[in-house]
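Undergrad: Fold the following, please.
(2 chains)
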Amino acid sequence: GNSVTQMEGPVTLSEEAFLTINCTYTATGYPSLFWYVQYPGEGLQLLLKATKADDKGSNKGFEATYRKETTSFHLEKGSVQVSDSAVYFCALSDQTAGNKLTFGGGTRVLVKP
Amino acid sequence: ETGVTQSPTHLIKTRGQQVTLRCSSQSGHNTVSWYQQALGQGPQFIFQYYREEENGRGNFPPRFSGLQFPNYSSELNVNALELDDSALYLCASSKGYTNTGELFFGEGSRLTVL
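TA: Prediction:
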């Protein structure tokens, strides 16, 4: 079955530091890949997505590239802000499963001023 | 544009009881999915409803059931509650059920089973 593994947190950074959150996946076929973010007191929201190999998703300064050869979709941001403090979830959906998402366990990121 | 709203936000039940959680989908969305998020874990897919019919189900027992209404709102019912059912239950809506992965989530209903 499908599965997503992401690095455990918490990840604590200073403002303007570089952020990387590793995500690897196991799936049949050609899944679409996503990063969702959960800010404190808010619902999950889509941060970025990539639907095929070598696609790069980007939003709000975050980027992730769909690497089929390494089955990875690592999230990066060059200079984090305090407002980026949140829980980040890597997820996938496969073509046979409609909108069913398989999520990783989440990585809590805390950015200190 | 009204977002996804869920009720109640918090509730406490005892083992063996039944619970109903409610969800209003975002305006213009006709598909609703439900997820269970245990503390410190990622959400797990329970099931999805499209045009008032169940359209995909995760690895959850039959005591987890749902409904979707003509206005696309939805209910999640859990019978014979167990301690392990304690979790945050998330509702998500989307336009259609195809593989876009772009779901709009509510803030969830936190269920505690004692």
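Undergrad: Which residue ranges of chain B form strands?
TA: B:5-7, B:10-13, B:19-24, B:31-37, B:44-50, B:53-57, B:64-68, B:74-78, B:87-94, B:104-105, B:109-113 (DSSP state E).
Undergrad: Give the buried residues for the third one.
TA: Taking 16 or more other C-beta atoms under 10 Å in any protein chain shown as the neighbour-count basis, strand B:19-24 is seen to contain the buried residues B:19, B:21-24. No exception for glycine: its C-beta is placed from N, CA and C like everyone else's.
Undergrad: State the number of residues packed around the closest residue to chain B within chain A.
TA: Here chain A gets closest to chain B at one residue, A:Phe103, 3.4 Å apart by C-beta to the nearest C-beta. If you count neighbours by other C-beta atoms under 10 Å in any protein chain shown, A:Phe103 ends up with 22.
Undergrad: Equivalent analysis for B:Gln44, please.
TA: Counted with other C-beta under 10 Å, B:Gln44 comes out at 18.
Undergrad: repeat for A:Leu13
TA: A:Leu13: 18 neighbours (other C-beta under 10 Å).
Undergrad: Name whatever forms a beta bridge with it.
TA: Going by DSSP bridges, A:Leu13 is paired in beta bridges with A:Val111.
Undergrad: residues touching it, list them.
TA: A:19, A:80, A:109-112 (C-beta atoms under 8 Å, 6 or more residues apart in numbering or on different chains).
Undergrad: can you do 10 Å?
TA: Applying C-beta atoms under 10 Å, 6 or more residues apart in numbering or on different chains, we find A:Leu13 in contact with A:19, A:77, A:80, A:82, A:84-85, A:109-112.
Undergrad: And for A:Asp94?
TA: A:Asp94 neighbours (C-beta under 10 Å, 6+ apart): A:1-2, A:27-32, A:100-102, B:99.
Undergrad: Neighbour-wise, which one of these leads?
TA: A:Pro31 (29 neighbours).
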